[in-house]
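Q: Just need the structure, nothing else, for what follows:
(2 chains)
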2 protein chains.
Amino acid sequence: MSTIIAVETSDIRFPTSEHLDGSDAMNLDPDYSAAYLRIRTDSEDGLEGHGFVFTIGRGNDVEAAAIAALTPYLLGQNAEQLLDNMGATWKSLVYDSQLRWLGPEKGVMHMAIGAVINALWDLKAKRAGLPLWQLLSSMTPEELVELVDFRYLSEALTPAEALQILRQAEPGRAQRQQQLVAEGYPAYTTTPGWLGYSDEKLIRLTKEAVAEGFKQIKLKVGAHLDDDVRRVRLARETAGPNIRIAVDANQRWEVAEAIDWMRQLAPYDIAWIEEPTSPDDVLGHAAISRGVAPIPVATGEHVQNRIVFKQMLQADALQVLQIDAARVAGVNENVAILLLAAKFGVPVCPHAGGVGLCEAVQHLSMFDFIAVSGTKTDRMIEFVDHLHEHFVTPVMVRQGQYWPPTSPGAGNEMLPESLQEYSYPEGPVWAAKSGLQHVG
Amino acid sequence: MSTIIAVETSDIRFPTSEHLDGSDAMNLDPDYSAAYLRIRTDSEDGLEGHGFVFTIGRGNDVEAAAIAALTPYLLGQNAEQLLDNMGATWKSLVYDSQLRWLGPEKGVMHMAIGAVINALWDLKAKRAGLPLWQLLSSMTPEELVELVDFRYLSEALTPAEALQILRQAEPGRAQRQQQLVAEGYPAYTTTPGWLGYSDEKLIRLTKEAVAEGFKQIKLKVGAHLDDDVRRVRLARETAGPNIRIAVDANQRWEVAEAIDWMRQLAPYDIAWIEEPTSPDDVLGHAAISRGVAPIPVATGEHVQNRIVFKQMLQADALQVLQIDAARVAGVNENVAILLLAAKFGVPVCPHAGGVGLCEAVQHLSMFDFIAVSGTKTDRMIEFVDHLHEHFVTPVMVRQGQYWPPTSPGAGNEMLPESLQEYSYPEGPVWAAKSGLQHVG
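A: All right, here's what the predicted structure looks like:
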């Protein structure tokens, strides 16, 4: 047995707002950040569990405080007891009767639980000597069902139905794992399409994306209709007819506005419209889905939990489901969401980018392919080529594919140098900039 | 002109878990708490703005950190510019492009914005020399519409429709204000019904509630069906047929379970079933509403924002709408929700209790009566007789009615002695208990 002897939280921020990387119609000047967690035990193996919440700058300290508030669930605890019963561990955190008031199951506190859960999965995978996707894909259907909290899901997905989905995929696991290693998992890129980029940069980056083998690119839209029409047209002309072009409004629109706006973009053959309106608006997304059909509606990076995803599926409010590694309460809740998507037959195309989101979420898509949906059809993982150099196991994306990581762990671990360099506000990068900051 | 020169946040906790006051099926051992905010200006009037978020213990420090993260929006700012443009002030906080990522518009960060907005309203009302209900009721329909952010609401409520509702109520304002002062505003009490209380205590407190003039009591349910049937039966026998008895499951049930459970309680003439399931589950509440009709479904104390309330109304998922003073982003968002409820013709019966929620929310119901819905029919404010002694202007509830407060302000201000005494963890009450604490 081993005991958790250290829990460190840190506030890590990258000054990305300097270059407008990551700019869109709602997020004007993000400083990509991570509220970061590191768990150490007294085991002789020296293995650590790392996890994080991605934020875009201000408030990263609030998120770090929320993670720190969960320390009593870790420090001094028996590590095996937590790791061997991840379903029970998840519930003990989510149903803390006092902390639950701060959500319930949403926002700062829920994401903090996600960081803890993901750090524990990182440790569990390292102890198993496997990358997370492989660890999950080696668990029995019964063990996987044990991870899921079915509370508030039962009219949409029962444990028996979940078991059936997983059992149906079980015989093909080995074959699909070989296929994954041989073929990779499809990626699409958002790199060309940030709103702050010039037309020239958009065209150049679109050409590069096609040359690199991506079959889909994504453009940010929603600020000015004329600009959007021009940018989408330029991208279509540059990419040609065989590349899928998705657009992403980052919650900018009203329901009717989304439908009208998309009518103007529809001639350019749009692969999906992402986040047309508030991520809380199930009924609004359902109305938009009816109004823009056959263009699929995609959402999920800001969908707070499995309960809202359940309703999105029940109401046919989305046709592409975008999980995020660090928005819901970690791996367990994402397993629940993958099962819901499989039940409703909706493809999962994860949100990624940010800090470490690509590194983390690829494991879930690969697991989905091997052990849940059993297919890569209409599925792909977002790729943004930012900040991977700060991770111990950066993603490998080549020929438009994510290639399955082989290092043990969940992909969350940042390099110690980066953790030190970008620590906020005392790290050297921020100390040097401190004269330039306006709002803390 | 005056400048905000001090912004203080504090972590205030009351050790209520010692007596199981406030216990229910989900909240087993709450320590009623407030993440508290105090704003001072350099004005010679010496007036301060106070606001808070109510929590139930652990995590109150996280909420205080979130409020502190908003300090740059206050400290050094021109107070009049903020107070004279409360609609714009609300938007500047809610649409901070970086902080928004932590929600958006939900949980810890959104409630923190609520504390700031409510503190500013407290200051604004004090400067006007009016209690908040009267200040709001003296604003023109146009000024009130300016307070509301219609983003994500437009297909349910437009500015023009809001204006029409307010104008329709305008001619009767003076008459209804007189009526309010003469009659009070109906209260109901939850004091008899906490889950941790014995049958004897339930019977005694029910008798007292009836004797005090309350026309409705509420019982917590959802832990054990047999207990619930017995407790509801005892309450009905004690109260007689003319007192309304509502029940509150505090999110304990699945959809089908809620419908089955309520079938067992229906013979006792139930006034409403409150929080039958997850507050995020619009479609679930709609299904329960159909399944338990004609018993109304009530919810709202954990509904995160106006967008979810909009959907609850669109889907006929609730028949009683329960606003909370400290869950959404303050007075402005609650004005939006009151307007939505008026548009859909649904009565608003606020959640209260906790710490200071009665003191704060009564202003909104009184304003609703005078200037929005124009009626008290089927409307009442929850009353729990806890912790009022810590407030500068404690509620006056007599003969089963809230009596309109006359002191200037929004009712949020706690006594300086209480702030000091219950400060966590260093205040004398907690310092004395520190040997007994388990989880920090």
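
Q: mind listing what A:Ala6 touches?
A: Contact analysis of A:Ala6 by Cβ atoms under 8 Å, 6 or more residues apart in numbering or on different chains lists A:Arg38, A:Ile39, A:Arg40, A:Leu75. In this view, the C-beta of every residue, glycine as well, is placed from N, C-alpha and C.

Q: can you list the residues of the stretch 51-200 of chain A near chain B?
A: Residues of the stretch 51-200 of chain A found near chain B (Cβ under 8 Å from any Cβ of the partner chain) are A:55-59, A:61-63, A:65-66, A:69, A:72, A:96-111, A:151-152, A:154-155.

Q: can you give me the strands for the stretch 51-200 of chain A?
A: For the stretch 51-200 of chain A, the strands defined by DSSP state E, counting those that start in this stretch occupy A:185-193.

Q: Where does it get nearest to chain B, residue-wise?
A: Here the stretch 51-200 of chain A gets closest to chain B at one residue, A:Gly107, 2.2 Å apart by Cβ to the nearest Cβ.

Q: Report pLDDT for that residue.
A: You'll see A:Gly107 listed with a pLDDT of 98.

Q: repeat for A:Leu28
A: Listed pLDDT for A:Leu28 reads 71.

Q: And the residues of the stretch 51-200 of chain A next to chain B, which of them are buried?
A: A:55-59, A:61-63, A:65-66, A:69, A:96-111, A:151-152, A:154-155 (16 or more other Cβ atoms under 10 Å in any protein chain shown).

Q: Could you list which of those belong to helices?
A: A:Asp61, A:Val62, A:Glu63, A:Ala65, A:Ala66, A:Gly107, A:Val108, A:Met109, A:His110, A:Met111 (DSSP state H).

Q: between these, which is closest to B:Gly184?
A: Of all these, B:Gly184 sits closest to A:Gly107, with 36.7 Å by Cβ to Cβ.

Q: give the contact list for the closest residue to that closest one other than its chain neighbours.
A: Distance criterion Cβ to Cβ, 6 or more residues apart in numbering or on different chains; nearest residue to A:Gly107, sequence neighbours excluded, is B:Gly107 at 2.2 Å. Neighbour list for B:Gly107: A:Leu102, A:Gly103, A:Lys106, A:Gly107, A:Val108, A:Met109, A:His110, A:Gln304, B:Gln304 [criterion: Cβ under 8 Å, 6+ apart].

Q: hmm, try it at 6 Å
A: A:Gly103, A:Lys106, A:Gly107, A:Val108 (Cβ atoms under 6 Å, 6 or more residues apart in numbering or on different chains).

Q: right, and out of those, which lies closest to B:Phe344?
A: Closest approach to B:Phe344 among the contacts of B:Gly107 (Cβ to Cβ): A:Lys106, at 24.2 Å.

Q: Phi first, then psi, for the nearest residue to that closest one once chain neighbours are set aside.
A: Excluding the flanking residues, the one nearest A:Lys106 by Cβ to Cβ, 6+ apart is A:Gln304, at 4.0 Å. Note on A:Gln304: backbone dihedrals following degrees, to the nearest 10 are phi -70, psi -30.

Q: so how many other residues sit close to the residue nearest to A:Val232 when sequence neighbours are not counted?
A: Leaving out its chain neighbours, the residue that sits closest to A:Val232 by Cβ to Cβ, 6+ apart is A:Tyr268, at 4.7 Å. A:Tyr268 has 18 neighbours, counted by other Cβ atoms under 10 Å in any protein chain shown.

Q: per-residue pLDDT, A:Tyr268?
A: Per-residue pLDDT puts A:Tyr268 at 98.

Q: Roughly how far does it sit from chain B?
A: As for A:Tyr268, its distance to chain B is 26 Å (criterion: Cβ to the nearest Cβ, to the nearest Å).

Q: so what pLDDT did the residue nearest the centre of chain A get?
A: Centroid check for chain A by Cα atoms, centre = their mean gives A:Asp324 as the closest residue, at 2.2 Å. Turning to A:Asp324, the model gives it a pLDDT of 98.

Q: from what I can see it touches A:Glu301, true?
A: Yes. Under the criterion of Cβ atoms under 6 Å, A:Asp324 makes contact with A:Glu301 at 4.6 Å.

Q: Helix, strand, or coil at the residue nearest to the centre of chain A?
A: Here A:Asp324 is recorded as coil under DSSP: H, G, I helix; E, B strand; the rest coil.

Q: One more: the one 10 residues further on?
A: At A:Asn334 the chain is in helix, as set by three-state DSSP.

Q: Repeat that for the one 3 residues further on.
A: When classified by three-state DSSP, A:Ile337 comes out as helix.

Q: Contact partners for it?
A: A:Arg306, A:Phe309, A:Ile323.
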